[in-house]
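Can you look at this prediction? I've put the sequence above it.
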Amino acid sequence: MKQDLAARVRARLREHVPPDARLVVGLSGGIDSVVLLHLLVRGLRLSPRRISALHVNHQLSPRAAGWATFCRRWCRILGIRLRVVKVVVKRGNSTEAAARSARHAAFAASGADIVVLAHNRDDQAETVLLQLFRGAGPRGLAAMPAFRPGGPHAPAVLRPLLDMSRKAIAEYASRHGLQWVEDDSNEDRHYMRNLLRHDVLPLIEERRAGAKAVLARAARLQAEAADLQDALALIDLGGDLPQGQLDLLPLRVLEPYRARNALRLFLRGNGLPMPDADRLEELLRQALTAGRDAAVSMRLDESDLRRFRDVLYIVKPVPAPDRPLELQWYGRGVLRLKPLGGSLRLVRSTEGGIDGQLIRGLGFRVCSRQGGEALRLAPGGRLRAVRKLLQEANCPPWMRERLPFLYLDGQLAAVPGLGIDVHFRVPSGREGYLPIWHPD
């Protein structure tokens, strides 16, 4: 079993870990993570330059400080670096979920290329049952992947012990004389996972030997089914995953189950939490059937989903400012405008733009929208209300209040994305500057 455990972990690393990747092991101090770290450092002899450990102190147990002390001592023995991160976990309906979110945030901020976690086959079987009781579909029933690629704001995650039983891990720990800490909350049957672990799954194993392995295999099959669903959703979305906004017209011609599937991929691909089935159905119904001018909005985590015309937008709410925004800016660097929820910069352009000499001489007065503003966008044309121009440009209502207005010498010179007043445009043949607005 010793050789099998090491061989399987080595195979996982060869499959998913580049030679120069920085690894951070999630070290709770429990038997699984203690064995994983020992196996990587002593068994597979990974260089201490490549591997470190991270212990997250959730501050939920009076023994938490002692667990952190144990992890420090264990890492000193192994000769690797350890970082201990204290997090604040909000107690409520799901303290376990809140602790998991805080832990994942700490991993995301670790600077690792790959976070290595010690989940095993028994954990996988428990997760499958938990997801089943929640009414999850194939993606939820796929439970935990052995490897999850990283993204722009999160490292990759590797679970090299996922096909190993808890018994095999315990045998390894006993053979090497390892010590670990026990979290007494793991005995609390108030948590559904503990009820499954200590009461339900042992009873099932008595009647159906190898049930945990069967559940883990079912998770792999569900992962394949979920990947097929995602492939179909990508086809229905036109071949590319939309970022930030979703064209609803293609969804109108789909069967309801395919429209729901496409919406799920859009939400998950944009980092939003998945609503339950009823909320997802209601969101889709409103998005596709509400009147053209009806206000459609649903909060998901820290974002709002809003519809305008036939597009569904992901919107980060921005608190209303205490007072109108007004500041001076000479166009250098990136101007972060937190009250408007975005940033402003100038980009050089050979096809028009604002006259750079005016910017250097006068500087901009950057303001929030006050109402009544006007621009003359065409030579010889009339002065037109910005309100009408925004409507004609199909600018969503919530974005109209977030745009910065740029003034030169007391006159409105430009609104990013809308246009530049002819009075401030660079003469033909000269290089100008275009104001670019980036919402958060």
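That came through fine.

contacts and neighbour counts: CA atoms only from here.
Will do.

name the helices or strands packed onto the lengthiest helix in the chain?
Using DSSP state H, we find that the single longest helix of the chain is helix 211-236. Under the contact definition 3 or more CA pairs under 8 Å, 6 or more residues apart in numbering; DSSP states H and E, helix 211-236 sits against helix 121-133, helix 138-141, helix 201-207, helix 256-269.

contacting residues around the very next helix or strand once past it?
Per DSSP states H and E, the first helix or strand lying C-terminal to helix 211-236 is strand 245-247. Identification of contacts with strand 245-247 by CA atoms under 8 Å, 6 or more residues apart in numbering yields 266, 310-314.

how about a cut-off of 6 Å?
Here strand 245-247 makes contact (CA atoms under 6 Å, 6 or more residues apart in numbering) with 311-313.

Report the beta-bridge partners for I314.
With DSSP bridges applied, I314 shows beta-bridge pairing to L305.

TSV please, covering the helices and strands packed on helix 211-236 and showing mean pLDDT and mean neighbour count.
Output for the helices and strands packed on helix 211-236, formatted as TSV (pLDDT from 0 to 100; neighbours: other CA atoms under 10 Å):
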stretch	mean pLDDT	mean neighbour count
helix 121-133	95	20
helix 138-141	93	22
helix 201-207	93	13
helix 256-269	95	18
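
will you turn those helices into TSV that also has distance to A277?
As requested, those are exported to TSV (distance: least, CA to CA, whole Å):
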stretch	distance to A277
helix 121-133	13
helix 138-141	13
helix 201-207	27
helix 256-269	9
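
what bits of the stretch 51-200 of the chain have low per-residue confidence?
91-94 (pLDDT under 70).

Helices of that one, residue ranges please.
Ranges of helices in the stretch 51-200 of the chain, per DSSP state H, counting those that start in this stretch, are 64-78, 95-108, 121-133, 138-141, 166-175, 192-195.

Just give me how far stretch 404-421 sits from the chain centre.
In terms of CA atoms, centre = their mean, to the nearest Å, the centre of stretch 404-421 is set 35 Å apart from its chain centre.

what about it, start to end distance?
Terminal residues of stretch 404-421 lie 15 Å apart, using CA to CA, to the nearest Å.

Stretch 166-182 now?
15 Å.

next one: stretch 56-75
Note: stretch 56-75 ends 14 Å apart using CA to CA.

Would you check how far apart the residue of the chain positioned farthest from its centre and L362 are?
Most distant from the centre of the chain: G380, at 48.9 Å, with distances by CA atoms, centre = their mean. In this view, G380 and L362 are 25 Å apart by CA to CA.

and what of V422?
17 Å.

the more surrounded of these two?
V422 (19 against 16; other CA atoms under 10 Å).

Give me the contacts around stretch 379-392.
Contacts of stretch 379-392 (CA under 6 Å, 6+ apart): 373-376.

By neighbours, which of those wins?
L375 leads these on contacts (other CA under 10 Å) with 23 neighbours.

can you pull the pLDDT of the most centrally placed residue in the chain?
Central residue of the chain (CA atoms, centre = their mean): G271, 4.0 Å from the mean position. G271 is assigned a predicted lDDT (pLDDT) of 87.

Next, it: secondary structure please.
Of the three states, G271 takes coil according to DSSP: H, G, I helix; E, B strand; the rest coil.

With Q391 instead?
Q391 ends up helix, using three-state DSSP.

any idea how far it is from C367?
20 Å.

So which of those two has more stuff around it?
Shown here are Q391 and C367; by other CA under 10 Å, C367 has more neighbours (18 against 12).

Domain-wise, how is the chain divided?
2-221, 237-315, 326-439 (automatic domain parsing).

The ones you listed into JSON lines, with extra columns for distance to Q229?
Shown next, in JSON lines, are these (distance: least, CA to CA, whole Å):
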{"stretch": "domain 2-221", "distance to Q229": "9"}
{"stretch": "domain 237-315", "distance to Q229": "7"}
{"stretch": "domain 326-439", "distance to Q229": "31"}
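
between these, which one is nearest to L228?
Closest of the domains of the chain to L228 is domain 2-221, at 9.9 Å (criterion: CA to CA).

Show the pLDDT at the residue farthest from the centre of the chain.
pLDDT at G380 comes out at 85.

what do you get for the one 4 residues further on?
In the predicted model, R384 carries a pLDDT score of 93.

for it, phi and psi?
With angles defined as degrees, to the nearest 10, R384 sits at phi -120, psi 140.

For it, the count of nearby residues, please.
14.

Can you tell me how far it is from G410?
17 Å.

Next: V253.
51 Å.

Repeat that for P427.
21 Å.

Which one of the two is surrounded by more residues?
P427 (13 against 10).

about what we covered before: distance to L248 added to the helices of the stretch 51-200 of the chain, as CSV?
Shown next, in CSV, are the helices of the stretch 51-200 of the chain (distance: least, CA to CA, whole Å):
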stretch, distance to L248
helix 64-78, 49
helix 95-108, 31
helix 121-133, 30
helix 138-141, 23
helix 166-175, 47
helix 192-195, 39
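
closest to E351 out of these?
Per CA to CA, nearest to E351 of these: helix 95-108, 41.7 Å.

and that closest one, how far out from the chain's middle?
With CA atoms, centre = their mean, you get 13 Å for helix 95-108.

buried sites along the longest helix of the chain?
211-213, 215-220, 222-223, 225-226, 229-230, 232-234, 236 (16 or more other CA atoms under 10 Å).

And stretch 110-119, by the same measure?
Result for stretch 110-119 [16+ other CA under 10 Å]: buried residues 110, 112-119.
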